[in-house]
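Undergrad: pasted the sequence and its predicted model underneath.
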Amino acid sequence: MKQTFHLSIPTPCDKGKKNWNQSPQTSKGIFCQHCSTEVIDFSQKTPQEIKDFFKKNKGHVCGKFYTDQLTTYKITDNKPKPVRTWILGSLLPLLLTGKTQAKTLTPVQQVSYSPEILSKHSPETRKSLADSVEIIGRILSKNESYGIFNAKVGLRGTNVAVHTDNSGRFVFKVSKDELSQHDTLYIEGSFYEEYTRTINLENKDVMSYNMGDIFLEKLPEPPAVVVGTIQYYPAKQQKGFWKRLFGKKE
């Protein structure tokens, strides 16, 4: 059996938050002189400690939380699972193996000039093409998979840098001599972790280096603090997967 409950603070108390450090301290938090009540500091508690508290206390409670703590909590009992359920649960991943595939990055593609293509250009153009390589790719947000606009892409230690377009795509050309000395590609996007990657050319005839899709991780946002009266919303008890599947009563 699983139970869930949700915590929220519909009307934050700005005075309690502002006067937190000036209010009389208690063993659990502070005593709010404006409301004449104790405000419990949940911001230092673990998820399990929060669950344990609200198992026993479901009445009027004022507290201090980080915003990411005001969420839904799941409580599971500690009853041992029947052997049948344990066996079926262990076999399910094996039965599903091969039916789903993990998301993979697009492999790097390196395209070389053929002699036929080079022969169609003037000597000056042939030299320019042979001496440079085009770097192509697309920058995506890892979780949402949308293109990241205006991310900076360049080569470490050089002035070579461009910004991505609305779809997260970028393209720039660099001389092979410069790339041989500075082969570290870097990507900087607002609210994203910096990304670096080494560019390895297979041979001197490579004209295009397609890096495919590159996924960036978002930087964690610092959680805000909320103080106020807590709304406790218990949800309906949920049966386990196998109980629902076979229609057995708890």
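TA: That came through fine.
Undergrad: you'd agree S43 is in a strand?
TA: No - counting by DSSP: H, G, I helix; E, B strand; the rest coil, S43 falls outside a strand, being coil.
Undergrad: just checking, it touches F65?
TA: Yes - between S43 and F65 there is a contact at 6.0 Å, judged by C-beta atoms under 8 Å. All C-beta atoms are positioned from the backbone trio N, CA, C, and that covers glycine.
Undergrad: count the neighbours of K28 for me.
TA: Close neighbours of K28, defined as other C-beta atoms under 10 Å, add up to 13.
Undergrad: who touches it in this structure?
TA: When contacts are counted by C-beta atoms under 8 Å, 6 or more residues apart in numbering, K28 is found next to 38, 40-41.
Undergrad: with respect to F5, which of the residues you listed is nearest?
TA: Set against F5, the nearest of the contacts of K28 by C-beta to C-beta is I40 (16.3 Å).
Undergrad: now F172: which helix or strand?
TA: F172 belongs to strand 169-175 when assigned by DSSP states H and E.
Undergrad: can you name the residues in contact with the next helix or strand after that strand?
TA: Next along the chain after strand 169-175, taking DSSP H and E as the criterion, comes helix 176-181. Contacts of helix 176-181 from elsewhere in the structure, counted by C-beta under 8 Å, 6+ apart, are 131-133, 155, 157-158, 160, 199, 201, 204.
Undergrad: which SSE is immediately downstream of helix 176-181?
TA: Taking DSSP H and E, what comes next after helix 176-181 is strand 184-188.
Undergrad: got the buried residues for that next one?
TA: If you call a residue buried by 16 or more other C-beta atoms under 10 Å, then strand 184-188 has these buried ones: 185, 187-188.
Undergrad: how close does T196 sit to N159?
TA: Distance of T196 to N159, computed by C-beta to C-beta, to the nearest Å: 17 Å.
Undergrad: quick one, which of these two is more surrounded?
TA: T196 (10 against 7).
Undergrad: apart from its chain neighbours, what residue comes closest to the more buried one?
TA: With sequence-adjacent residues excluded and distances taken as C-beta to C-beta, 6 or more residues apart in numbering, T196 is closest to Y186, at 5.0 Å.
Undergrad: what about the strand holding F172, average pLDDT?
TA: Averaging pLDDT along strand 169-175 gives 93.
Undergrad: in its sheet, what does that strand sit against?
TA: According to DSSP bridges, strand 169-175 has the following sheet partners: strand 132-141 (antiparallel).
Undergrad: could you pull out the buried residues of the strand it pairs with?
TA: Residues of strand 132-141 classed as buried: 133, 135, 137-141 (neighbour count, 16+ other C-beta under 10 Å).
Undergrad: and for stretch 201-221?
TA: Applying 16+ other C-beta under 10 Å to stretch 201-221 flags 205-207, 209-211, 213-216 as buried.
Undergrad: can I get those residues in CSV including distance to Q25?
TA: Shown next, in CSV, are the buried residues of stretch 201-221 (distance: C-beta to C-beta, whole Å):
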residue, distance to Q25
D205, 72
V206, 67
M207, 69
Y209, 61
N210, 61
M211, 55
D213, 52
I214, 49
F215, 46
L216, 43
